[in-house]
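*Asks:* Mind folding the following:
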Amino acid sequence: MSDEFDRKRLEIVTQRSWIEATYALIGLTRLGERPTTVERLAAALGRPEEEAIRLAWKASRVRPDGEGRIHLGAAFGGSGGPSRRTLYVGDREIPVSGCALDLLPAAAVLDVPFRVEDTCPVTGAPIRIEFAPGGVERVDPPEAAVAMVSPEVAGEYGEAEIEQVNQNVCSQQPFFASTEAAQGWFAAHPGGRVFSVREMADRPFFTHARDTWRPGSSPTRRDRRRRIRGNTSRSTPWTTWTTTLTWRSSAPVARRSPPPSPPAARAGGW
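*Replies:* Okay, here's the model as predicted:
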């Protein structure tokens with residue numbers, strides 16, 4: 001189930017490595033529940049460690065701590081963005097920014113269920129969506145929908161800073177209580193589309209994340225192969241690159257030995 005709109009939107013996603021890095025961080029940290037490591041992120045992305053560090057900064061404004069661990073703070077929209085909806089993951093309540101449709105790929109890569117609660121910007125009706133690992137479990141109201149701006153508009157901000165994407169694109173892509181409630185949105189967003197939440201789970205924007213990103217983004221998987229694109233040599237140690245990136249922060253970053261290998265995964269996670 002795809003068309004030219006899907007093809008162009010998916011092309012934007014696959015050509016921006018920072019988007020893949022966003023969901024790798026979400027999957028590896030379970031939406032910030034626990035840290036991941038530079039090594040694991042690089043393996044999930046199939047890129048050298050120094051590039052993984054740069055992509056983590058561009059995607060989510062995070063970088064390694066003194067032990068080479070990455071702690072995910074704001075999963076969507078960078079830091080300081082407005083809270084648009086609330087996620088519930090286990091006993092955690094997480095106000096989030098970003099685009100409504102960001103939650104579909106998040107469900108595709110996460111290995112735990114979560115739900116989102118939002119409000120329709122037109123009708124004021126509450127929206128509640130329950131996601132299971134790799135799919136959509138329950139939608140209330142059943143006809144709830146999500147908006148996607150045109151590929152041309154999305155493409156304009158493909159290389160922009162995450163805060164600009166959040167402000168100029170994500171603010172225009174909310175959930176609606178139904179496709180009927182979104183009719184006024186079309187007039188202001190020519191070329192945009194609105195899909196029901198359940199329909200989105202069958203479209204390439206979701207299935208690509210599930211089939212391509214999910215296998216390398218689960219914190220419980222230990223059999224990921226290192227797939228460094230175009231570079232079979234060992235990556236530059238993360239300590240060198242955290243020092244290189246200190247221009248982002250006024251505090252110096254100490255060089256330390258690489259972190260020890262993490263313990264083997266237990267059933268149900270670390």
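*Asks:* Distance of the closest residue to residue 178 other than its chain neighbours relative to residue 113?
*Replies:* Closest residue to residue 178 apart from its sequence neighbours, by CB to CB, 6 or more residues apart in numbering: residue 143 at 4.2 Å. Every residue, glycine included, has its C-beta placed from N, CA and C. Distance, residue 143 to residue 113, by CB to CB, to the nearest Å: 22 Å.
*Asks:* Surely the residue nearest to residue 178 and residue 177 touch.
*Replies:* Yes: at 7.3 Å, residue 143 and residue 177 qualify as touching, with contact defined as CB atoms under 8 Å.
*Asks:* got the residue ranges for the strands in the stretch 51-200 of the chain?
*Replies:* Secondary structure of the stretch 51-200 of the chain (DSSP state E, counting those that start in this stretch): strands at 69-70, 85-89, 92-96, 114-119, 126-132, 135-140, 145-148, 175-176, 193-196.
*Asks:* Need those in a markdown table (columns: distance to residue 5, mean neighbour count and mean pLDDT).
*Replies:* As requested, the strands of the stretch 51-200 of the chain are exported to a markdown table (distance: least, CB to CB, whole Å; neighbours: other CB atoms under 10 Å; pLDDT from 0 to 100):
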| stretch | distance to residue 5 | mean neighbour count | mean pLDDT |
| --- | --- | --- | --- |
| strand 69-70 | 34 | 20 | 96 |
| strand 85-89 | 24 | 17 | 94 |
| strand 92-96 | 26 | 15 | 92 |
| strand 114-119 | 24 | 18 | 97 |
| strand 126-132 | 22 | 18 | 97 |
| strand 135-140 | 20 | 16 | 96 |
| strand 145-148 | 8 | 25 | 97 |
| strand 175-176 | 18 | 26 | 98 |
| strand 193-196 | 6 | 20 | 96 |
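*Asks:* With residue 101 as the reference, measure out to the closest residue to residue 120 other than its chain neighbours.
*Replies:* Once flanking residues are discounted, residue 120 sits nearest to residue 177: 3.8 Å by CB to CB, 6+ apart. Distance of residue 177 to residue 101, computed by CB to CB: 16 Å.
*Asks:* next one: residue 20
*Replies:* Relative to residue 101, and taking CB to CB, residue 20 is found at 16 Å.
*Asks:* Can you pick out the residue with more neighbours from these two?
*Replies:* The neighbour count for residue 20 versus residue 101, taken as other CB atoms under 10 Å, is higher for residue 20 (25 against 22).
*Asks:* can I assume that one sits in a helix?
*Replies:* Yes: assignment of residue 20 by DSSP: H, G, I helix; E, B strand; the rest coil places it within a helix.
*Asks:* Can you mark which positions in stretch 14-21 are buried?
*Replies:* For stretch 14-21, the buried set under the neighbour-count rule, 16 or more other CB atoms under 10 Å, comprises 16-21.
*Asks:* Closest to residue 198 out of those residues?
*Replies:* Comparing the buried residues of stretch 14-21 against residue 198 with CB to CB places residue 19 closest, at 23.1 Å.
*Asks:* which phi and psi does the residue nearest to the closest one when sequence neighbours are not counted have?
*Replies:* Leaving aside its chain neighbours, residue 19 sits nearest to residue 13 (5.3 Å; criterion: CB to CB, 6+ apart). Dihedral pair for residue 13: phi -70, psi -50, per degrees, to the nearest 10.
*Asks:* Look up how far residue 149 lies from residue 13.
*Replies:* The gap separating residue 13 from residue 149 is 13 Å, by CB to CB.
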